[in-house]
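**Q** The sequence and its predicted three-dimensional model are supplied below.
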Amino acid sequence: MSSRCDHCVMENRPSNPSIGQWYTVNPAAHWDSTNTWPSIPCMSNDGYGARGTINVQRGESMEFTFYVNADHGGFYRYELVNGTAPSNAQFMGSPISPWYSLHANAETNRNYPNRIVGYSKADTNSYIYDMRRPPGAGLGSDRLQGNLVDRITLPQGAALGQSVLRWNWFSLETGQVYTNCVDVVVV
């Protein structure tokens, strides 16, 4: 499965309290707060299947390709919810991947293999505190501009039937959140 992220949508979110550095007022530092979640979970009013559906099997490995032209730091993950109209709370409670950084090695003092930041709020807080420069600052050739490719495996225990898969990116450099949803049928 490949997506050019033609339907990725961004939304500006309210500023949050700082947790140490100026950029920690942005959504990535507060991803566990409903204040930073998108107002509409997929940032689209399209009904389930309006843009088609994709059949996927439990345990199937899927490749996603996103074109990034504005690298705003932070991290993202993939979430899967059974049903046709999932809420933000359902998505946030149903990750199928860890949090990934766009350019972990360029922003932190320690190595994050495969850009994996972790799974928990404590993990993402550690990542933020480890940064050796503000997100995106002085990245030069490390700045992501182009295709970002991930390979995600659908859990063996995924519920059968209609589901929605969401890519959810919380920015650390700006006050923006980006999402992209794909309507799937788990077979």
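**A** Great, that's in hand.
**Q** Okay, helices next: where are they in the chain?
**A** Assigned helices in the chain, in chain order: 88-92, 104-107, 121-130 (criterion: DSSP state H).
**Q** from those, which stretch is densest packed?
**A** Ranked by mean neighbour count under mean count of other C-beta atoms under 10 Å, the helices of the chain are led by helix 104-107, which reaches a mean of 20. All C-beta atoms are positioned from the backbone trio N, CA, C, and that covers glycine.
**Q** For residue 152, find the nearest of the helices of the chain.
**A** Nearest of these to residue 152, taken as C-beta to C-beta: helix 88-92 at 14.7 Å.
**Q** Need the contact partners of the closest one.
**A** 32, 34, 37, 38, 41, 79, 81, 83, 164, 166, 168 (C-beta atoms under 8 Å, 6 or more residues apart in numbering).
**Q** try 10 Å
**A** 31-32, 34, 36-42, 77-83, 86, 164-166, 168, 179, 181 (C-beta atoms under 10 Å, 6 or more residues apart in numbering).
**Q** Of those, grab the buried ones for ChimeraX.
**A** Applying 16 or more other C-beta atoms under 10 Å to these leaves a buried subset, and the ChimeraX line that selects it is:
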select :31,36,37,38,41,42,77,78,79,80,81,82,86,164,165,166,168,179,181
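**Q** where in the protein is pLDDT low?
**A** For the chain, the stretches with pLDDT under 70 are 1-8, 69-71, 105-106, 109, 132, 136-146.
**Q** which residues of it fall in strands?
**A** 9-12, 54-56, 61-68, 75-82, 99-101, 116-118, 146-153, 161-170, 176-186 (DSSP state E).
**Q** Would you pull up how far the fourth one lies from the middle of the chain?
**A** Taking C-alpha atoms, centre = their mean, to the nearest Å, the mean C-alpha location of strand 75-82 is offset from the chain mean by 7 Å.
**Q** Now tabulate the strands of the chain in CSV and tack on distance to residue 135.
**A** Below are the strands of the chain laid out as CSV (distance: least, C-beta to C-beta, whole Å):
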stretch, distance to residue 135
strand 9-12, 16
strand 54-56, 32
strand 61-68, 14
strand 75-82, 10
strand 99-101, 9
strand 116-118, 12
strand 146-153, 16
strand 161-170, 11
strand 176-186, 12
